[in-house]
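Asker: structure for this input, please:
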Amino acid sequence: MLVYVAKRLLQAIPVLFGVSLLTFIMMIMVPGDPAQKLLGQRASPEAVQELRTRLGLNDPPVQQYVRIMGNIVRGDLGRSVITRERVIDEMKNRFPVTLRLALLAMLFSTVTGVVVGIVAALNQNRFLDRALMFVTLTGISVPVFWYALIAILLVVFQLRWVPQTGIGDGSLAYYWLPAFVLGTRASAFIARITRSAMLEVIRQDYIRTAHAKGLAKRTVTLKHAVRNIAIPVVTVIGLDLASFIDGAFLTEYVFNIPGLGRYGLTALLNRDLPVMIPLVIYTATLYIAANLLVDVLYGVIDPRIRYD
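Answerer: Residues are numbered from 1 along each chain as shown. Purely as a prediction, here's the structure:
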């Protein structure tokens, strides 16, 4: 197992390098000038060029990339072109906010998705099954930002269950609504995966044998069926957790949450390379770690899977 994990970690190095290089190339091709944005549209060309030189934006692209990557390797992520704040300090301050939101969204999506999927499978082709699958299809099809806007309109302004957007004093009361919106799409996807896996399992011979032995339906479902749908469900949950911690750009932006997602979207709009490249590497690392964790859990869930 340790050898397998070590190999996967070594394979991640060229992946992260490639992701950072691709991000840099795409960012320098995007129209816009951070120096012009800082000085405003009425700034003289001389002032813009002077600021570009001071920020290192006039350096050759290769030199800019090497400088940014050198800072990352040394553990100093540099400073934002726009705010001039240290990137690593901003990420440290924003990560706990995003992590709390991600964990709440994962809890909601996992519990809701697994329960809905199991109930739908046990009532296959009945009204309840069709109704639940219609709801999940809607959850997958509708954009997240639309859910966020509707939720703000109804819950914040009409029902007034939440005082305002943002995180207020940091209590959980400010997190449950964005966590619900963030987890809606994931819970719908988990429900459909769970239903599909459950339908395949309950047709197996050992399930029929368990019923023939007179075991209660609840025992057969929870003890025999649910345990054997874990692998596909864990796969989806692992990737969803990575995407949640990644920040869910639109959710944080719409709800005015000062997390990594909002930080990244602001950097993208401003072509802030010293912020974007570390964030993209951080995101890629999350997905690599999530995939590795899921692969390791496969061996824990199913002893037949071995990494020799």
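
Asker: mind naming the longest helix for the chain?
Answerer: Secondary structure of the chain per DSSP state H: the longest helix is helix 87-122.

Asker: next helix or strand past that helix?
Answerer: helix 127-141 (DSSP states H and E).

Asker: how about residues contacting that next one?
Answerer: For helix 127-141, contacts defined as C-beta atoms under 8 Å, 6 or more residues apart in numbering pick out 116, 119-121, 123, 184-185, 187-189, 191-192, 195. C-betas here are computed from N, CA, C, even on glycine.

Asker: how far does the longest helix of the chain sit from its chain's centre?
Answerer: Distance of helix 87-122 from the chain centroid (C-alpha atoms, centre = their mean, to the nearest Å) equals 8 Å.

Asker: swap in stretch 35-42?
Answerer: On C-alpha atoms, centre = their mean, the centre of stretch 35-42 falls 33 Å from the chain's centre.

Asker: got a list of contacts for that stretch?
Answerer: 43, 47-49, 51-52, 55, 57, 81-82, 270.

Asker: just the C-alphas of stretch 88-96, formatted as CSV.
Answerer: Taking Å, rounded to 0.1, in the frame of the first residue of the first chain, the C-alpha atoms of stretch 88-96 are listed here in CSV:
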residue,chain,number,x,y,z
ILE,A,88,-0.4,32.8,1.4
ASP,A,89,-1.9,34.9,4.2
GLU,A,90,-5.1,35.4,2.2
MET,A,91,-5.4,31.7,1.6
LYS,A,92,-4.8,30.9,5.3
ASN,A,93,-7.5,33.4,6.3
ARG,A,94,-10.1,32.2,3.7
PHE,A,95,-9.5,28.4,3.9
PRO,A,96,-11.4,27.8,7.3
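
Asker: next, the distance between the ends of stretch 50-65.
Answerer: From its first residue to its last, stretch 50-65 covers 21 Å (C-alpha to C-alpha, to the nearest Å).

Asker: what's next to that stretch, contact-wise?
Answerer: Applying C-beta under 8 Å, 6+ apart, the contact partners of stretch 50-65 are 21, 24, 28, 33-35, 38-39, 49, 67, 81, 273.

Asker: still on that earlier bit, PyMOL command to pick out the buried ones of the contacts of helix 127-141?
Answerer: Here is the PyMOL command that picks out the buried ones among the contacts of helix 127-141, judged by 16 or more other C-beta atoms under 10 Å:
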select buried, resi 116+119+120+121+184+185+187+188+189+191+192+195
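
Asker: what is the least confident helix or strand in this structure?
Answerer: Ranking every helix and strand in the chain by mean pLDDT, DSSP states H and E puts helix 34-39 at the bottom, with a mean of 73.

Asker: and the contacts of stretch 35-42, which of them are buried?
Answerer: Buried members of the contacts of stretch 35-42, scored by 16+ other C-beta under 10 Å, are 48, 51-52, 55, 57, 81-82, 270.

Asker: flag the least confident of the residues you listed.
Answerer: Lowest pLDDT within the buried ones among the contacts of stretch 35-42 is found at residue 55 (72).

Asker: tell me the domain boundaries of this structure?
Answerer: As assigned by automatic domain parsing, the chain contains the domains 2-73, 90-269.

Asker: list the buried residues in the least confident helix or strand of the chain.
Answerer: Within helix 34-39, the residues scored as buried using 16+ other C-beta under 10 Å are 34-35, 37-39.

Asker: picking that back up, which one of the contacts of stretch 35-42 is nearest to residue 149?
Answerer: Checking the contacts of stretch 35-42 against residue 149 with C-beta to C-beta, the nearest one is residue 270 at 23.6 Å.

Asker: quick one: the closest one and residue 27 touch, right?
Answerer: No: judged on C-beta atoms under 8 Å, residue 270 makes no contact with residue 27 at a distance of 10.5 Å.

Asker: tell me which element the spatially most central residue of the chain falls in.
Answerer: In the chain, the residue lying closest to the centroid (C-alpha atoms, centre = their mean) is residue 243, at 1.3 Å. Element membership for residue 243, per DSSP H and E: helix 230-245.

Asker: ditto for residue 17
Answerer: Element membership of residue 17 [criterion: DSSP H and E] is helix 2-29.

Asker: just the CA trace of the least confident helix or strand of the chain, in PDB.
Answerer: Taking C-alpha atoms only, helix 34-39 is exported to PDB below (Å, rounded to 0.1, in the frame of the first residue of the first chain):
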ATOM      1  CA  PRO A  34      -4.200  44.500 -14.300                       C
ATOM      2  CA  ALA A  35      -2.200  47.800 -14.300                       C
ATOM      3  CA  GLN A  36      -4.900  49.600 -16.200                       C
ATOM      4  CA  LYS A  37      -7.500  48.200 -13.800                       C
ATOM      5  CA  LEU A  38      -5.600  49.500 -10.800                       C
ATOM      6  CA  LEU A  39      -5.000  53.000 -12.300                       C
END
